[in-house]
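Trainee: When you get a sec, could you give me coordinates for this:
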Amino acid sequence: MEDNTYGVTGFSGGFVQHVTIPSMHEGIPVTRVMSYAFIQGESFFGIPPKHLPIDTLVIEEGITHIEEFAFESNGILNAQLPDSLVYVGDHAFSSNYGALINLPENLTYIGEGAFAQVQFDGVVHIKDIEIGALAFYQAGITSVTFEEGIETIPYGMFSGVVNLESIELPQSLVSIGPSAFEGTTNLREISFPESLIEIGELAFHGSGLTTLTLNSQMVIQEGAFWENMLLTEVSFNHPEIILGEDAFGYNPLLNDVHYNDLKSINPRAFRFSPMNRQTVSESNENYTIINHALAKGDDTGFQVVIGESFMEDFSMFKSIGADAFYGREFNDLHIPSNIIYIHPYAFAFSKFKNLTIDALEIRQYAFYYAVASGTVEITSEMIHSESFNNATGFNH
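Mentor: Numbering: from 1, shown residues only. As a prediction, this is how the structure comes out:
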């Protein structure tokens, strides 16, 4: 190569089981394993290339770079990587299912999908280096520590790491990227630093978190904690937290939500979650709790902002806000005549047994895709077009 060193470009045989990459060859240093080095041939008319089978891999000290796809899908069982290694290219070790690999301390670059679907023993320490998307996708990791200085966790970095149980985040962290910890089903708890200002889309979608405490000003993007099937409680301890659509949607056990002094609450953030025990601080100037529902008032009266599943008492309200009961379930529900407006999507995707609506006005899409399994009685004076669009069991 131009720097008067060798790079490993391939292997002459058709079968290789135990591989050692030497640091010297004929008195000249070997510093790199080149792209696709252990993939034999190229794709041809849909026929995939041959990935040479390797059981054990030893790379000697002195090797600094492993290029893209060098050992992808080689069936490696065990690999020993040198501390001299600074660069691991895109998908360099990906799809070596079950391979046990160490993470060298002196790495400065880890490419996209570089260690996807391999195994690591013990705590994985992540330093402040350049790391590509999906770097550890579906890897076998139980514990991760991010060292101080790291500001961003990239897209999908630990997505699908189902055995991940412990994450230690640095106080320098500013942003968690989309899908960064998506599908971490064994992750039960996490502590966010006060430096954090953004949690990306689907960042913890499908994780195993049980409780969450959010203490700093931040934006929680769409679907960030969607489908956390074990999540039961969330506390918002800063008034300037912004909630994206479905940020906490479809969490079937999420009942205890403590908004405290939160200034702006998006009901679309909690769609399909039961929300049966909501609280706000007495000092909250924008919201209150009435009959177990999150409410806000104006000169005309109170509106339901987010209601609980199986809510029955609407006597203190004048209107039901958009998305207020999106995806909730009810037994026998009576919406009384003191309710002037039922706003769009208020009961979208909700399920009822028996339903009576005496509200004055039902606005467009208010019962979008709602399902009534029993009797439905409606006396409303004004029903907008498509109020019951795609609803089932509403023969009014």
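Trainee: what's the first-to-last distance across stretch 256-272?
Mentor: The first and final residues of stretch 256-272 sit 14 Å from each other (CA to CA, to the nearest Å).
Trainee: Could I get the average pLDDT for that stretch?
Mentor: When pLDDT is averaged over stretch 256-272, the result is 97.
Trainee: and it, how far from the chain's centre?
Mentor: 18 Å (CA atoms, centre = their mean, to the nearest Å).
Trainee: Mind listing what's buried along that stretch?
Mentor: 256-259, 261-262, 265-272 (16 or more other CB atoms under 10 Å). For glycine as for every other residue, the C-beta is placed from the backbone atoms N, C-alpha and C.
Trainee: cool, stretch 374-382 as well?
Mentor: V376, I378, S380.
Trainee: now stretch 292-303
Mentor: H292, A293, L294, A295, F302, Q303.
Trainee: residues making contact with stretch 19-33?
Mentor: 1, 3-8, 11, 38, 54, 56-67, 70-71 (CB atoms under 8 Å, 6 or more residues apart in numbering).
Trainee: export that stretch as PDB, just CAs?
Mentor: Taking C-alpha atoms only, stretch 19-33 is exported to PDB below (Å, rounded to 0.1, in the frame of the first residue of the first chain):
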ATOM      1  CA  VAL A  19      -7.400 -17.600  11.300                       C
ATOM      2  CA  THR A  20      -4.600 -15.500  12.600                       C
ATOM      3  CA  ILE A  21      -4.000 -12.100  10.900                       C
ATOM      4  CA  PRO A  22      -0.200 -11.500  11.400                       C
ATOM      5  CA  SER A  23       1.200  -8.100  12.100                       C
ATOM      6  CA  MET A  24       4.300  -8.700   9.900                       C
ATOM      7  CA  HIS A  25       4.700 -10.400   6.500                       C
ATOM      8  CA  GLU A  26       8.200 -10.800   5.000                       C
ATOM      9  CA  GLY A  27       9.500  -8.200   7.300                       C
ATOM     10  CA  ILE A  28       6.900  -5.600   6.300                       C
ATOM     11  CA  PRO A  29       4.100  -4.500   8.700                       C
ATOM     12  CA  VAL A  30       0.500  -5.600   8.100                       C
ATOM     13  CA  THR A  31      -1.900  -2.900   9.200                       C
ATOM     14  CA  ARG A  32      -5.200  -3.500   7.500                       C
ATOM     15  CA  VAL A  33      -7.800  -6.100   6.600                       C
END
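Trainee: Show me which residues of that stretch are buried.
Mentor: For stretch 19-33, using 16+ other CB under 10 Å, the buried residues are V19, I21, S23, P29, V30, T31, R32, V33.
Trainee: average pLDDT across that stretch?
Mentor: pLDDT averaged over stretch 19-33 gives 91.
Trainee: What segments of the stretch 51-200 of the chain are strands?
Mentor: Ranges of strands in the stretch 51-200 of the chain, per DSSP state E, counting those that start in this stretch, are 56-59, 65-66, 78-80, 87-88, 100-101, 109-110, 123-126, 130-131, 143-146, 152-153, 166-168, 175-176, 198-199.
Trainee: What strands flank the fourth one, and is each parallel or antiparallel?
Mentor: Applying DSSP bridges, strand 87-88 is found paired with strand 65-66 (parallel), strand 109-110 (parallel).
Trainee: how far does that strand sit from the chain's center?
Mentor: Worked out by CA atoms, centre = their mean, strand 87-88 lies 27 Å from the chain centre.
Trainee: All further residue positions should be reported with the first residue as 51.
Mentor: Happy to do that; since the first residue is 51 now, the last one works out to strand 137-138.
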